[in-house]
Every structure is written in C-alpha cells, then in structure tokens.
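Q: Structure for this input, please:
(chains A, B, C and D)
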Protein chains: 2
Amino acid sequence: MKLTELKAIQLAELFSALSDASRVRIISLLMEGEMSVSALAKELKMTESAVSHQLRGLRQMHLVRARKSGRQVFYSLEDEHVSRLFSLGLDHVQHG
Amino acid sequence: MKLTELKAIQLAELFSALSDASRVRIISLLMEGEMSVSALAKELKMTESAVSHQLRGLRQMHLVRARKSGRQVFYSLEDEHVSRLFSLGLDHVQHG
DNA sequence: CTAATATATGAACAGTTGCTCATATATTCA
DNA sequence: TGAATATATGAGCAACTGTTCATATATTAG
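A: Numbering: from 1, shown residues only, chains lettered A, B, ... in the order given. The predicted structure follows:
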C-alpha cells in the first residue's frame, strides 16, 4: 500500500476524530439522530462547553452538521462514513 | 447506538493507533508484508528508535506481531482488522 | 574474546489535546 | 427593554504524545 505523506496525514486526522472517548460517545449518540448541545451534555455528563468544543472540531472536519433552531443548535452526522468506521471498529473491539 | 464507557474507551484506543501519520505509514507498509525495524526506518526516513517506539505501542495493542530472526526483528500485521479500518478510512479520504 | 550491528528502552523535552472558567453572542420571554 | 437561556469561544493549564539522545541487550563476525 503505497501512501503519500499527505494521505497519511489526512488518514491520521480522520482517525483522530475517533481517538477520544468523549468524541466516540458523542458520535454514538448522533448515530441515533440529531441532538442539541445541551441534550448531549446532559446524556454524557459533560459540561456544555466541553461538548461544544468537541463539536467544533468535528464540524471543522465535516463529520457533523449543525442546524440552528431558536436558541438551540442540533447536531447530526454529516454522512455515513464515520458511522461505518465506528461500526467496523466496534466489531474489532467486541469479537476480534 | 448505546455504548458503555468501557467500550467507548476501547474504541478510542483502537482509533488512536491510526491517529498518527507515522503509525499510518508503518501500517501501510506492513500491509504489503513483514518488514524489519531498520527497513521500515529507512523507507519512512525515521530513526530506528522512533520506529521501534511506535512498534512497541502497536505490539501492546496486538495490532502487529514480531518475529525475531538473527539480530533483526520482522514485524507484520497481526490480523486483517486494522487493514480493514485503514482501507475504509482511505475510501473516506479519497472520495467522500 | 572484542567489535560491529539490530533492536529496545528510559529520560527529557517540545508540541498537542481536552478540559474548566470567564466571557461573548444570540435568541426568547416577561 | 431587561433577564434568562443556549451555544460559542479564547485563555490557561495539566496531562498526554512523539521524538531525540544515551544507553542497554542480544546476536553475529573476525
């Protein structure tokens, strides 16, 4: 598998999105459907600030999308790529 | 997707293995077949020490296996799980 | 045996990460 | 309008990461 340095960096950045337990749990919740920042914070027992900071990173990587409604912002997964990675990783963790 | 905290941590650890460009490139080379530490170092233009340190981490996660032959140690992927993750990630990076 | 080679490993250090805290902005409510 | 609510964001900081450097161990060559 010949790989340019650029692609290696891009791949590493993609996997970095899932390299933290908080982000993994955020993504696992978003796989069920969209959720507001405060709902995520409550469910994950994290401050809204911490959740917001993580969502910012995921947004910048185009892994999640934000939809504003009133004073709430609802986040959802931008496409199925991340959930596919997530599921394959989960397979490995469970059996494997 | 309901997820225990333990599984979230395990998933994050798995993805952490691929969250660094050096490790991504090491794994991409091992997908071609086994290689010695010095061969990896030469190909990746890294010191043998840096490569060895990274291989240690991958070994502890049971993602690579070591085979000693004389004074060289040949590393190879322990199973296809990582290469599947790698390939799926690469898909995302290329198109998508 | 000694010297050279291949790898492993600990310490140290710079860079990064993820959090909290304070504050800013935007929206709704009274 | 002013107070309350929801989110975003920058600064600061402790913890973690990946590298280099020095050194240790193991194997082979002479």
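
Q: where in chain A is pLDDT low?
A: A:1 (pLDDT under 70).

Q: just the helices in it please.
A: Using DSSP state H, the helices of chain A run over A:5-16, A:21-30, A:37-44, A:48-60, A:81-94.

Q: wait, does stretch A:82-96 contact chain B?
A: Yes: on the criterion C-beta under 8 Å from any C-beta of the partner chain, stretch A:82-96 is in touch with chain B at A:Arg84, A:Leu85, A:Phe86, A:Leu88, A:Gly89, A:Leu90, A:Asp91, A:His92, A:Val93, A:Gln94, A:Gly96. Bear in mind the C-beta positions are built from the backbone N, C-alpha and C, glycine included.

Q: which residues touch stretch A:67-80?
A: A:27, A:30-31, A:33-38, A:40, A:55, A:58, A:62-66, A:83, B:96 (C-beta atoms under 8 Å, 6 or more residues apart in numbering or on different chains).

Q: Just the terminal-to-terminal distance for it.
A: Stretch A:67-80 has an end-to-end distance of 18 Å (criterion: C-alpha to C-alpha, to the nearest Å).

Q: Report how many residues lie close to the closest residue to DNA strand D within chain A.
A: Here chain A gets closest to DNA strand D at one residue, A:Ser38, 2.9 Å apart by C-beta to the nearest atom of the strand. A:Ser38 has 14 neighbouring residues, counting by other C-beta atoms under 10 Å in any protein chain shown.

Q: same check, this time on the one 4 residues further on
A: For A:Lys42, the neighbour count with other C-beta under 10 Å is 13.

Q: That one and chain B: what is the separation?
A: Counting by C-beta to the nearest C-beta, to the nearest Å, the gap from A:Lys42 to chain B is 16 Å.

Q: A:Gln54 now?
A: For A:Gln54, the distance to chain B - C-beta to the nearest C-beta - is 12 Å.

Q: What are the neighbouring residues in contact with that residue?
A: A:Asp20, A:Ser22, A:Arg23, A:Ile26.

Q: do you know how far A:Met35 is from B:Glu32?
A: Using C-beta to C-beta, to the nearest Å, we find A:Met35 at a distance of 42 Å from B:Glu32.

Q: Ok, A:Val64 next?
A: 35 Å.

Q: The two: which is more packed in?
A: A:Val64 (23 against 11).

Q: Any idea what that one is bridged to?
A: In this entry, A:Val64 is beta-bridged to A:Leu77, by DSSP bridges.

Q: about what we covered before: tell me which of the helices of chain A sits most buried.
A: Ranked by mean neighbour count, the helices of chain A are led by helix A:21-30 with a mean of 22 (mean count of other C-beta atoms under 10 Å in any protein chain shown).
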